[in-house]
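Undergrad: next input, structure requested:
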Amino acid sequence: MARNYGNDNKSALQAKTDAQKIAFAPIMFQAAKALRDFGILSFLRKEKNGKTLKEIAEKAGISEYGALVLLEAGLSTELVYVVNDKYFITKTGYFWVADKLTRVNTDFTHDVNYKGFFHLQEAVKTGKPAGLHKEFGSWATVYEALAEMPEQFRKSWFNFDHYYSDDSFPEVMPVIFKNNPKKILDIGGNTGKFAIKCASFNKDAKITILDLPGQLKDAEKNIKKSGFSDRISTYPINLLDFSKPYPKGYDIIWMSQFLDCFSEGEVVKLIKNASDAMNKNTELFIMETFWDKQRFEASTYSLHATSLYFTCIANGNSRMYHSEDMIKLTEKAGLKVSEIIENVGVSHTILRCKK
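TA: Got it, this is the predicted structure:
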């Protein structure tokens, strides 16, 4: 199937204007974040009659000069507008400061990506996460590094990761437990949120989490705290050591927001390892945010940006996949996609796979 997306129908003037927005985007991003973090937008949000420059500066605890240059940047980024020397918040400004999705994406961009993206071109050339190496350390991937990362990095990374998965879990449970599975293998289970949700949903289910030892430390703490240590176990493994087989005897193998962390060749090997652990009745569920399956332009935009995070920070060779690419890779690994379930949670699609 041919792929078609976007057009080139802008006027020359609009195209040139948009080009300038891209040119200054990193600067304006920091200005917008400052308007948020200094509390300026929250202040204006509460004041329907607007506020003067002096009032805003005093409330933010900064000079009038500092407030002025930020507010003027806010005019161009359409976060604020001014009438009779009084500033007001716009609808965009409201979402910038009050919308959880926007806040999660902003903090992820700033705390995880911003400094490292100075090295994007090197990452593209080398296929290595140059931003990670140059700004944080010489780990092969961000996943190995997470346990050692600065607290703000970890917080923003996990908030980003969990936001997109957590809202989908209530919708996922009836799909997962449709045929009353008893044993579930959660590959790349991270902090154990999915496993805990499964154990809460079904009192008979037993779940095993496969992940790196460093990741499993957080999962084990959460499992113990939730009281499910008797039904949730962990299995430390380097998933990129493809010679290591997965444990067998499971009704369902679950991969959520997992395969986008790997290159095409690695995806095939990971699914092949899952296939080797499956019997004729086992089902593999792959849940991903495929960029071609999004209902909204903003979602597709965000996913294309996230692909570059994988390039520069995470591992240097993975991306947010097009659904057709993932289906082809699944078939190459020897499995058949038996069902496609779209619009799960924020932006997910589930591929149900069998031998």
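Undergrad: could I get the pLDDT score of Met1?
TA: Met1 is assigned 58 on the pLDDT scale.
Undergrad: correction: Ala205
TA: 97.
Undergrad: do the same with Asp186
TA: pLDDT, Asp186: 97.
Undergrad: CA atoms of the longest strand anywhere in the chain as CSV?
TA: Of all segments of type strand in the chain, defined using DSSP state E, the longest is strand 336-344. Provided in CSV are the C-alpha atoms of strand 336-344 (Å, rounded to 0.1, in the frame of the first residue of the first chain):
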residue,chain,number,x,y,z
LYS,A,336,0.6,-14.0,12.0
VAL,A,337,-1.3,-10.9,13.0
SER,A,338,-4.8,-12.3,13.7
GLU,A,339,-6.4,-9.1,14.9
ILE,A,340,-5.8,-5.3,15.0
ILE,A,341,-7.4,-3.3,17.8
GLU,A,342,-7.2,0.5,17.2
ASN,A,343,-7.8,3.6,19.4
VAL,A,344,-6.8,2.0,22.7
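Undergrad: that strand: what's the following helix or strand?
TA: Counting by DSSP states H and E, the element after strand 336-344 in chain order, helix or strand, is strand 348-354.
Undergrad: and that following strand, what does it pack onto?
TA: Applying 3 or more CB pairs under 8 Å, 6 or more residues apart in numbering; DSSP states H and E, one finds that strand 348-354 contacts strand 283-288, helix 323-332, strand 336-344. Using the backbone N, CA and C atoms, a C-beta is placed for each residue, glycine as well.
Undergrad: tell me the buried residues in the second one?
TA: Right, helix 323-332. 323, 326-327, 329-330 (16 or more other CB atoms under 10 Å).
Undergrad: then stretch 93-109?
TA: Here stretch 93-109 shows 93, 96-97, 102-109 as buried, counting by 16+ other CB under 10 Å.
Undergrad: cool, and stretch 216-233?
TA: Applying 16+ other CB under 10 Å to stretch 216-233 flags 216, 218-220, 222-223, 226, 228, 231-232 as buried.
Undergrad: can you flag which of the buried residues of stretch 93-109 belong to helices?
TA: Counted as lying in helices by DSSP state H, out of the buried residues of stretch 93-109, are 93, 96-97, 102-107.
Undergrad: now the end-to-end length of stretch 87-100.
TA: 24 Å (CA to CA, to the nearest Å).
Undergrad: so what touches that stretch?
TA: For stretch 87-100, contacts defined as CB atoms under 8 Å, 6 or more residues apart in numbering pick out 32, 35-36, 41-42, 44-45, 50-53, 56, 71, 74, 77-82, 102-103, 106, 163.
Undergrad: select from those residues every entry located in helices.
TA: 32, 35-36, 41-42, 44-45, 53, 56, 71, 74, 102-103, 106, 163.
Undergrad: where along the stretch 201-350 of the chain do the strands fall?
TA: 206-211, 232-236, 252-256, 283-288, 336-344, 348-354 (DSSP state E, counting those that start in this stretch).
Undergrad: with distance to Ala60 added, can I get the ones you listed in JSON lines?
TA: Formatted as JSON lines, the strands of the stretch 201-350 of the chain follow (distance: least, CB to CB, whole Å):
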{"stretch": "strand 206-211", "distance to Ala60": "43"}
{"stretch": "strand 232-236", "distance to Ala60": "46"}
{"stretch": "strand 252-256", "distance to Ala60": "41"}
{"stretch": "strand 283-288", "distance to Ala60": "41"}
{"stretch": "strand 336-344", "distance to Ala60": "41"}
{"stretch": "strand 348-354", "distance to Ala60": "39"}
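Undergrad: compare these and give me the one nearest Pro170.
TA: When the strands of the stretch 201-350 of the chain are compared by CB to CB, strand 336-344 sits nearest Pro170, at 10.0 Å.
Undergrad: relative to the whole chain's centre, how far out is the closest one?
TA: 20 Å (CA atoms, centre = their mean, to the nearest Å).
Undergrad: that strand pairs with which strands?
TA: strand 348-354 (antiparallel) (DSSP bridges).
Undergrad: which positions in the strand it pairs with come out as buried?
TA: Buried, per 16+ other CB under 10 Å, within strand 348-354: 348-353.
Undergrad: lowest-confidence member of those, which is it?
TA: Lowest pLDDT among the buried residues of strand 348-354: His348, 93.
Undergrad: for that residue, which residues are in contact?
TA: Applying CB under 8 Å, 6+ apart, the residues contacting His348 are 164, 168, 287-289.
Undergrad: now the ones in helices among the contacts of stretch 87-100: which count as buried?
TA: Buried subset of the ones in helices among the contacts of stretch 87-100 (neighbour count, 16+ other CB under 10 Å): 32, 35-36, 41-42, 44, 53, 56, 71, 74, 102-103, 106, 163.
Undergrad: cool, thanks, talk later.
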